[in-house]
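A.B. asks: Sequence isn't available, so here's the structure alone:
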């Protein structure tokens, strides 16, 4: 049975104001475990889940025929990681992120862009989640800790990476005490058992995959097992489940881009998922269905917009081929056109690795693409020469702008959240 545990906050002397330094009684929420809980879905919610699963399967089986599977998977994974970070307040444009990524690949470290480094950590965490889903059928606590470790690696919070919290945390209110918090997760001594139960639930196949991913994410956010990085780790966990269950073997739908747009509904639905009492009570059932409906609908919308994005990238590639003219089958130029969307900023060396050809062949390919306007030269890191496909970066930016609009089009409805500006020249 879910319950609130009442306890007293003993001040530690921190805080500027008297209010910050006070003690108080507060209630920490302890959710039901998932493995011994029954779930009841309303008919319309079950239909929403079925629609979402069909859409994700379609994205993975049909749409990726247009563009290199590897390229579109990389682009959508990056879009999802950027959006998940944006929910946490980390805002960054596509070009800036890609240049930091290229600099990191070139020099073994980035340019010192702290925000970009944190977002790239989220890209790594998402990738770790997807790797974990294909490496083994079971999800364990160590799997979750590994995702979190990748997320915080190289940041100021690296000492906390992959470590379950041993202190009480809370959401909202003061930074110094939970007296006015909007939500207080379980006490630290309850976290290990709840996390073990969550891992077992993630390894179970009893529920539809989208419903399972939604419930796992809500439960993870409720447990809030880490000092920082909970939101991003929890959203990565949803993709682990979707891949593990076979819905998204190649491409992840950028559902976080939709949840970021619906941020108020997102937070309200997560709060509704939390109830006091038995899991069969009307409040619990209504809250469960409200959250799953929002998550499933967000998945369906994300797939629709991802498919449109893929069509846009396909058109860009066709335009490149027209500009370049006759291209020898199997040439370095053809290989680069296929793979550039997934890595829109390259050096000659990274292009050589990307297409599996010699440095000389890659250099000739880059020269052709620069001369025809497919690529343009930029500098990254310490005077390193790189080349970027500006049309792909613009398409990536347009995707985020479109998904920031409730109607999917900023010309029809303005963005409901901060989004990047229009690409230059548009």
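C.D. replies: Okay, I see it. Here the structure is a predicted model, which is why all the values come from computation and not from measurement.
A.B. asks: Might you list the low-confidence residue ranges for the stretch 151-300 of the chain?
C.D. replies: Counting by pLDDT under 70, not a single residue of the stretch 151-300 of the chain qualifies.
A.B. asks: The stretch 301-426 of the chain now?
C.D. replies: 380-383, 403-426.
A.B. asks: any chance you could map the helices in it?
C.D. replies: Secondary structure of the stretch 301-426 of the chain (DSSP state H, counting those that start in this stretch): helices located at 332-339, 348-355, 359-371, 390-403.
A.B. asks: and of those helices, who's closest to residue 30?
C.D. replies: helix 390-403 (35.1 Å; CB to CB). Heads up, the C-betas are built off the backbone N, CA and C, glycines and all.
A.B. asks: Got phi/psi on residue 2?
C.D. replies: According to degrees, to the nearest 10, the main-chain angles of residue 2 amount to phi -70, psi 140.
A.B. asks: need the contact list for it.
C.D. replies: Taking CB atoms under 8 Å, 6 or more residues apart in numbering as the definition of contact, the neighbours of residue 2 are 29, 30, 31, 32, 274, 275, 276, 277, 279, 284.
A.B. asks: still on that earlier bit, mean neighbour count added to the helices of the stretch 301-426 of the chain, as a markdown table?
C.D. replies: What follows is the helices of the stretch 301-426 of the chain, written out as a markdown table (neighbours: other CB atoms under 10 Å):
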| stretch | mean neighbour count |
| --- | --- |
| helix 332-339 | 21 |
| helix 348-355 | 19 |
| helix 359-371 | 18 |
| helix 390-403 | 22 |
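A.B. asks: Helix, strand, or coil at residue 4?
C.D. replies: Using DSSP: H, G, I helix; E, B strand; the rest coil as the criterion, the local structure at residue 4 reads strand.
A.B. asks: returning to that earlier point: which of the helices of the stretch 301-426 of the chain sits closest to residue 20?
C.D. replies: Between residue 20 and the helices of the stretch 301-426 of the chain, the shortest separation by CB to CB is 36.9 Å, and it involves helix 390-403.
A.B. asks: Packing partners of the closest one?
C.D. replies: Secondary-structure packing of helix 390-403 (3 or more CB pairs under 8 Å, 6 or more residues apart in numbering; DSSP states H and E): helix 69-87, helix 94-107, helix 255-261, helix 282-324.
A.B. asks: could the helices of the stretch 301-426 of the chain be laid out in TSV, adding distance to residue 132?
C.D. replies: Putting the helices of the stretch 301-426 of the chain into TSV (distance: least, CB to CB, whole Å) gives the following:
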stretch	distance to residue 132
helix 332-339	25
helix 348-355	25
helix 359-371	32
helix 390-403	26
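A.B. asks: Turn the helices and strands packed on helix 390-403 into TSV, columns for mean neighbour count and distance to residue 375.
C.D. replies: As requested, those are arranged in TSV below (neighbours: other CB atoms under 10 Å; distance: least, CB to CB, whole Å):
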stretch	mean neighbour count	distance to residue 375
helix 69-87	24	15
helix 94-107	21	13
helix 255-261	28	27
helix 282-324	20	9
